[in-house]
Structures are given as structure tokens and as C-alpha cells.
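Peer 1: no letters, just coordinates:
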Ligand code: S3P
């Protein structure tokens with residue numbers, strides 16, 4: 001693997017093997033930092049994600065007057081309750097991170113000051129009315145810029161609401177719950193399909209009362225949170241890239257330890273198994289999040305059609321599942337996934353473009369795509385479009401291609417997995 005300042009050149013590998021630990025889970029790291037800042041006492045987070053996205057959350061908290069320290073590899077947050085947040089002196093920069101911007105919008109909706117949340121060019125293209133709407137209904141002043149960031153929030157006293165999410169989104173659900181816990185009265189959120197449930201699992205660990213079931217979460221307002229200490233499990237969405245690398249190369253095996261095994265995040269493992277993948281998992285610890293190990297070995301894969309109802313639980317892994325699909329016998333189809341067009345890039349377009357450039361037989365549709373698998377891909381020049389998961393998915397495909405591939409704008413992997421190319425280099429066994 002050869003790196004220039006932003007492009008990475010990847011030679012195909014004979015096999016992909018090794019034992020790896022992953023950066024701390026990104027979704028859990030964001031939530032622990034934000035909940036720690038809202039709680040009372042010192043929250044200690046071990047194994048906090050090294051992702052640039054999570055650094056953006058910490059930077060925004062510091063800009064809001066929260067005392068955040070790093071000591072011996074742990075992130076320490078000196079929580080003083082929501083009243084400890086101070087008016088920011090400048091625009092809060094969420095960088096590339098939709099989670100940072102949307103979740104903090106929920107916190108700031110109840111703070112008695114004005115704040116402006118913004119991000120990079122990619123984040124400035126992403127939809128924000130889905131989070132602005134419920135916060136307005138609770139009594140906050142929220143102005144978006146034609147539905148997108150920057151978002152200006154005039155926070156103040158909120159009333160609890162009953163809110164039905166129009167699209168399944170864990171970020172929006174979290175924003176409403178974080179506003180709701182500071183509101184007067186009860187807040188209920190109903191989701192049309194299950195999205196990741198880390199907020200619902202972590203709030204009780206911080207001492208909050210919350211009831212959930214049947215796609216509905218309810219919590220009373222005016223609750224105080226208590227600080228906690230927690231080790232963040234490895235990011236299972238990052239694990240997905242290494243798992244597929246092992247599946248699509250012969251004589252390959254990866255072992256991943258200390259990985260998050262929350263069933264709301266491991267649906268891609270079920271899909272890969274249904275495609276014929278040899279993957280084993282074992283849970284070592286359950287609370288507040290299941291953690292364990294994953295082993296994956298070279299496998300003969302077959303294509304399948306993902307039902308639209310399965311998409312929300314797979315949303316971040318569809319790019320790498322498509323790479324598995326390109327290496328499967330038969331066709332691999334994704335439908336009902338138009339939401340992918342609103343991610344860090346238009347992931348339907350950027351994924352189809354990259355795989356087509358590598359010789360895959362791809363048909364793009366408005367809400368998904370079909371790949372006729374089984375063709376050997378060839379090396380090419382492909383573009384990440386600044387999207388970390390597209391860069392990593394195409395890099396995974398490059399390991400199994402004929403001839404070298406150049407991934408342009410590959411530095412964006414730092415958004416979720418800064419060591420990705422080092423890990424890939426360690427697993428690569430011969431050219
Ligand atoms: C996330 C939720 C998902 C996911 C994102 C992280 C989270 O987004 O795609 O990478 O941590 O809550 P949506 O809330 O838009 O579904």
C-alpha cells in the first residue's frame with residue numbers, strides 16, 4: 001500500500017489474516033460524551049473512539065464550557081448537569097458528523113441561550129428539518145438554512161411531546177430524548193422501524209427512568225443524570241470492512257476481540273451468513289452493551305435481495321455488503337434504501353460509480369441497486385467523494401481486484417477509522 005497526501009494505492013492481496021482490535025464504537029462514544037456532560041459528576045470513558053467525528057463532539061462540548069480532559073488514555077468529563085453548559089462564543093463546528101450536530105441540537109434546544117451548529121460541505125448538504133421539527137414542537141426556536149445546516153437554536157423551557165419519526169433515525173430519536181429529559185412532562189418517541197438503541201441503553205446506566213417496547217420509548221422530563229465509568233466496545237461498523245476482506249480472499253481469517261455485538265448493529269452479520277459467510281461470534285459481557293468476539297473466514301458467497309424493512313438496521317454497512325455482493329454468485333439487490341442518498345455522500349451514486357469503475361455489473365435505481373456478482377473486479381482509479389465508508393468499501397474491493405487500485409480522497413477514513421490503512425496493511429498477506 002502506498003500513500004500520497006490524499007490518495008492511497010492498494011495492490012491486491014493473496015489473503016487477509018490477523019487478529020485486530022478496533023477503535024471504540026463511534027455511536028457509543030458520542031453518546032457517552034454528551035450524556036457525561038449532561039450528568040452530575042465525573043464521567044470516565046475508556047477506549048473512547050479515535051474517530052474525527054467523536055473529536056468534533058468533544059470540541060463542541062468544550063466550546064459549550066464543559067470541562068473535558070484526557071488522562072492515561074481515558075476521556076474525563078466533569079459534568080455539572082445541563083445547567084453547566086455555557087453560551088458558545090462562536091459557531092459550533094460539527095465537522096463531518098451528523099451525529100454531533102443532530103444530538104447536540106436536542107441538548108441545546110433546552111438551554112437558555114442561542115447557539116449555531118454548522119459543519120463541513122458534506123454535512124451542509126444533509127437534511128435537518130427532521131430534527132428541527134420535533135424540537136420546535138417542544139417549544140425551541142430552530143432555524144435551518146433551507147432545511148440544512150447551519151442550524152440556529154434559541155433554546156428555552158421545553159414541554160414534552162409525543163413524536164412519531166417520519167424516517168427511522170437514531171440521531172433524531174436521540175435528539176428528541178435528550179430534549180425530552182430536560183422538558184416539563186413526558187416525552188414519547190415512536191419509530192417506524194428499529195434504529196440503533198444506544199441512547200435507550202445508556203440513559204438508564206446514567207440513572208434515568210425510561211420505558212421502551214414495541215418501537216416506542218417514553219421518559220419523564222426534568223430528570224437528573226449521574227456520572228458513570230465505562231469502557232467503549234470496538235466499533236462493529238468498522239469491523240465490517242475487515243470481515244468482508246477475509247470473506248472475499250482465499251485462505252483468509254480475521255479474529256476481532258472486544259467488539260460491540262448489539263443486535264441492532266450486527267444485522268449485517270446475519271445478512272452475510274445468509275449469503276453463505278463463515279462467521280462466528282461470542283458474547284463475553286452483556287451490560288449495558290453486549291461485547292464479544294467475531295471470527296470470519298474465506299467463504300463462497302451467494303447473492304440475495306435485501307428487503308426494504310431490513311435496511312435501517314444495515315444502513316452504515318450497505319457499502320461493504322455491496323462489495324460482498326460483487327463477489328457473490330448471482331445478483332445482490334438493495335431496495336427501499338433512498339435514505340442512503342442523504343448520508344456523508346449520496347451513497348447509492350458514489351458506491352455504484354466506484355464499483356462500476358472496477359468492472360462490476362451494477363444497475364443503479366432511485367432507492368437502491370443490483371449487482372450481478374461473480375465477475376472478477378479490476379484495479380482502477382476510484383473516488384471516495386469525501387465519504388469514509390465509501391473509501392473503506394472500495395479499498396476492501398481493491399484487495400480482491402486484478403491489478404492495483406487508487407482510491408482518491410482516502411484521508412477521509414479518519415472520520416471513523418483513522419488506522420484503517422495500517423490495519424489493512426497488517427492483514428494483507430503477499431501480493
Ligand atoms: C447513527 C445513526 C445513523 C447512522 C450514523 C450513526 C447514530 O444515522 O447512519 O452513522 O450514532 O445514531 P441516522 O440517525 O440518520 O439513521
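Peer 2: Cool, got the structure. Quick caveat, the model's predicted, so the values are computed rather than measured.

Peer 1: contacts, neighbours, all on C-alpha from now
Peer 2: Will do.

Peer 1: quick check: the residue in the stretch 301-431 of the chain that the ligand sits nearest to vs residue 62, distance?
Peer 2: Closest contact between the stretch 301-431 of the chain and the ligand, by Cα to the nearest ligand atom, is at residue 316 (5.2 Å). Going from residue 316 to residue 62 by Cα to Cα, to the nearest Å gives 28 Å.

Peer 1: show me where pLDDT drops low in the stretch 301-431 of the chain?
Peer 2: Applying pLDDT under 70 to the stretch 301-431 of the chain picks out residues 430-431.

Peer 1: what parts of it come near the ligand?
Peer 2: 315, 316 (Cα under 6 Å from any ligand atom).

Peer 1: ranges for the helices of the stretch 301-431 of the chain?
Peer 2: 318-326, 347-357, 388-399, 420-427 (DSSP state H, counting those that start in this stretch).

Peer 1: will you turn these into TSV that also has mean neighbour count and distance to residue 85?
Peer 2: Conversion of the helices of the stretch 301-431 of the chain to TSV gives the following (neighbours: other Cα atoms under 10 Å; distance: least, Cα to Cα, whole Å):
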stretch	mean neighbour count	distance to residue 85
helix 318-326	26	37
helix 347-357	22	36
helix 388-399	27	31
helix 420-427	18	35
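
Peer 1: dump those helices to TSV, plus distance to residue 312.
Peer 2: TSV is the format used below for those (distance: least, Cα to Cα, whole Å):
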stretch	distance to residue 312
helix 318-326	10
helix 347-357	14
helix 388-399	16
helix 420-427	25
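
Peer 1: out of these, nearest to residue 57?
Peer 2: helix 388-399 (17.5 Å; Cα to Cα).

Peer 1: tell me the gap between the closest one and the middle of its chain.
Peer 2: Mean-position distance between helix 388-399 and its chain equals 16 Å (Cα atoms, centre = their mean, to the nearest Å).

Peer 1: angle of it against helix 318-326?
Peer 2: Interaxial angle, helix 388-399 versus helix 318-326 (axes from the mean of the first three to the mean of the last three Cα atoms, to 10 degrees): 20 degrees.

Peer 1: what's the angle between helix 388-399 and helix 347-357?
Peer 2: 20 degrees.

Peer 1: grab the nearest non-local neighbour of residue 143.
Peer 2: Nearest non-adjacent residue to residue 143, counting by Cα to Cα, 6 or more residues apart in numbering: residue 152, 5.1 Å away.

Peer 1: quick one on the thing from earlier: can you give me the pLDDT of the nearest residue to the residue of the stretch 301-431 of the chain closest to the ligand once chain neighbours are set aside?
Peer 2: Leaving aside its chain neighbours, residue 316 sits nearest to residue 237 (6.9 Å; criterion: Cα to Cα, 6+ apart). Residue 237 carries a pLDDT value of 98.

Peer 1: how about the helix or strand where residue 272 lies: buried residues?
Peer 2: Assigned by DSSP states H and E, residue 272 belongs to helix 267-274. When burial is assessed from 16 or more other Cα atoms under 10 Å, helix 267-274 yields the following buried residues: 267, 268, 269, 271, 272, 273.

Peer 1: surely the residue nearest to residue 316 forms part of a helix?
Peer 2: Yes. Assessed by DSSP: H, G, I helix; E, B strand; the rest coil, residue 237 belongs to a helix.

Peer 1: tell me the contacts of it?
Peer 2: 265, 316, 317 (Cα atoms under 8 Å, 6 or more residues apart in numbering).

Peer 1: relative to residue 88, which of those is nearest.
Peer 2: residue 316 (31.5 Å).

Peer 1: and the closest one, what are its phi and psi?
Peer 2: Phi and psi for residue 316, reported as degrees, to the nearest 10, are phi -80, psi -20.

Peer 1: and stretch 359-371, what's buried?
Peer 2: For stretch 359-371, using 16+ other Cα under 10 Å, the buried residues are 359, 360, 361, 362, 364, 365, 368, 369, 370, 371.

Peer 1: beta partners of the last one?
Peer 2: When assigned by DSSP bridges, residue 371 has beta-bridge partners residue 332, residue 362.

Peer 1: now do the contacts for the nearest residue to residue 132 once chain neighbours are set aside.
Peer 2: Counting by Cα to Cα, 6+ apart, residue 142 is the residue found nearest to residue 132 once chain neighbours are left out, at 5.9 Å. Contact analysis of residue 142 by Cα under 8 Å, 6+ apart lists 109, 132, 135, 136, 151, 152, 153, 154.

Peer 1: quick check: ChimeraX command selecting the buried ones in the residues you listed.
Peer 2: In ChimeraX syntax, the buried subset of the contacts of residue 142 is picked out as below (16+ other Cα under 10 Å):
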select :109,132,135,136,151,152,153,154
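
Peer 1: pLDDT and distance to the ligand added to the contacts of residue 142, as CSV?
Peer 2: Listed next are those as CSV, based on pLDDT from 0 to 100; distance: Cα to the nearest ligand atom, whole Å:
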residue, pLDDT, distance to the ligand
109, 98, 18
132, 98, 14
135, 98, 15
136, 98, 18
151, 98, 16
152, 98, 20
153, 98, 19
154, 98, 23
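
Peer 1: please flag which of the contacts of residue 142 sit within helices.
Peer 2: 132, 135, 136 (DSSP state H).

Peer 1: my read is that residue 231 contacts residue 47, right?
Peer 2: Yes. If you go by Cα atoms under 8 Å, residue 231 and residue 47 touch, sitting 5.7 Å apart.

Peer 1: the two: which is more packed in?
Peer 2: Neighbours per residue, other Cα atoms under 10 Å: of residue 231 and residue 47, the larger number sits with residue 47, 19 against 14.

Peer 1: now the more buried one: how far from residue 296?
Peer 2: Counting by Cα to Cα, the gap from residue 47 to residue 296 is 24 Å.

Peer 1: for the residue nearest to residue 143, list the residues it contacts.
Peer 2: 114, 115, 116, 117, 141, 142, 143, 144.

Peer 1: cool, residue 125 as well?
Peer 2: Contacts of residue 125 (Cα under 8 Å, 6+ apart): 148, 149.

Peer 1: got it, and residue 38?
Peer 2: 79, 80, 81, 82, 84, 225.

Peer 1: now distance to residue 261 too, for the ones in helices among the contacts of residue 142, in JSON lines please.
Peer 2: Shown next, in JSON lines, are the ones in helices among the contacts of residue 142 (distance: Cα to Cα, whole Å):
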{"residue": "132", "distance to residue 261": "31"}
{"residue": "135", "distance to residue 261": "32"}
{"residue": "136", "distance to residue 261": "35"}
